[in-house]
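In: coords below, sequence missing:
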Ligand SMILES: Nc1ncnc2c1ncn2[C@@H]1O[C@H](COP(=O)(O)OP(=O)(O)OP(=O)(O)O)[C@@H](O)[C@H]1O
């Protein structure tokens, strides 16, 4: 996958406690991160640590105020995303945000193929994608409202994988579904990624899911990467307070 972020700072200016006041929030604070090719990375961290902002900057959807984002060695920006858009599929937390409620799901699956300029009417690929995520290809003419939350997330996953991207970026993709559906989706994502050779870049607050799907982890705190490495080692021997706090929250005990 091969992303390199160097000294990335992203700030937001928000209204303060008086109409004329403004407060600057530093979401990413000189963040450095190397995501090597051929590895699956989980980005974990407490709420507000900057995970979603990191994804938006890394996907060149937002420009940082300082620092650079490189994809396969090339600097990428919202105006010049280079090879990035084609190489990456994205699954959001809420499948509602990636599926147009007015479109039959077959059309939603066709869209990324058309945008990428893939020739043909894509009927076969749409059927293959629905089948791959465990849905009957005959449902292609139904609209998103006809599906459950878990099914919609499967369709969003199929859409993200439609163009056979090199990297699947997923922001808390399992948080809006019930535990049973979540387990099935986690297994499905792992299976599909392995089957298609797609690398995963997963944002999650669930360390168990992160460990199940990714070999590496980067722990974020206050807009910086405070610890990174093989996830089994990091979770067994955490060195950053933020990692210990995440483990405390999962285990319900203090990790020394
Ligand atoms: N569009 C925005 N406008 C204003 N502030 C923002 C915006 N996006 C993020 N922030 C602020 O930046 C900080 C980091 O937010 P971010 O959503 O990246 O964290 P997160 O780790 O993804 O949190 P969560 O796990 O709760 O989703 C927070 O203080 C947040 O309020």
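Out: Ah, there it is. Quick caveat, the model's predicted, so the values are computed rather than measured. Numbers count the residues shown, from 1 in each chain.
In: Show me the contact partners of the longest helix along the chain.
Out: In the chain, with assignment by DSSP state H, the single longest helix is helix 179-196. Contact partners of helix 179-196, identified using Cβ atoms under 8 Å, 6 or more residues apart in numbering, comprise 40, 132-134, 148-150, 153-154, 157, 161, 164, 168, 170, 173-174, 177, 198-200, 209, 212-213. Using the backbone N, CA and C atoms, a C-beta is placed for each residue, glycine as well.
In: residues in contact with the residue nearest to residue 35 when sequence neighbours are not counted?
Out: Nearest residue to residue 35 in three dimensions, chain neighbours excluded: residue 3, at 4.1 Å (Cβ to Cβ, 6 or more residues apart in numbering). By Cβ under 8 Å, 6+ apart, the contact list for residue 3 reads 33, 34, 35, 58, 69, 70, 71, 201.
In: Repeat the analysis, applying 6 Å as the threshold.
Out: Applying Cβ atoms under 6 Å, 6 or more residues apart in numbering to residue 3 gives the contacts 35, 58, 71.
In: which residues does the residue nearest the centre of the chain bridge with?
Out: In the chain, the residue lying closest to the centroid (Cα atoms, centre = their mean) is residue 170, at 2.1 Å. Judged by DSSP bridges, the bridge partners of residue 170 are residue 91, residue 202.
In: Could you check how far it is from residue 55?
Out: Counting by Cβ to Cβ, to the nearest Å, the gap from residue 170 to residue 55 is 9 Å.
In: Remind me which helix or strand the residue lying closest to residue 178 once chain neighbours are set aside belongs to.
Out: Ranked by Cβ to Cβ, 6+ apart and with sequence neighbours excluded, the top spatial neighbour of residue 178 is residue 150, at 7.4 Å. In the assignment (DSSP states H and E), residue 150 maps to helix 149-161.
In: Over to residue 106?
Out: Assigned by DSSP H and E, residue 106 falls in helix 105-115.
In: ok, which stretches of the stretch 1-150 of the chain are helices?
Out: Assigned by DSSP state H, counting those that start in this stretch, the helices in the stretch 1-150 of the chain fall at 51-58, 84-87, 105-115, 123-132, 149-161.
In: Please identify the deepest-packed of the ones you listed.
Out: Greatest average neighbour count among these goes to helix 149-161 (a mean of 24), per mean count of other Cβ atoms under 10 Å.
In: what is the orientation angle of it with helix 123-132?
Out: On the basis of axes from the mean of the first three to the mean of the last three Cα atoms, to 10 degrees, helix 149-161 is oriented at 130 degrees to helix 123-132.
In: Helix 149-161 packs against which elements?
Out: The contact analysis (3 or more Cβ pairs under 6 Å, 6 or more residues apart in numbering; DSSP states H and E) places helix 149-161 against strand 88-91, helix 105-115.
In: buried sites along stretch 86-95?
Out: Counting neighbours by 16 or more other Cβ atoms under 10 Å, one finds that the buried residues in stretch 86-95 are 87, 88, 89, 90, 91, 92, 93, 94, 95.
In: of these, closest to residue 115?
Out: Taking Cβ to Cβ as the measure, residue 115 lies nearest residue 89 of the buried residues of stretch 86-95, at 11.9 Å.
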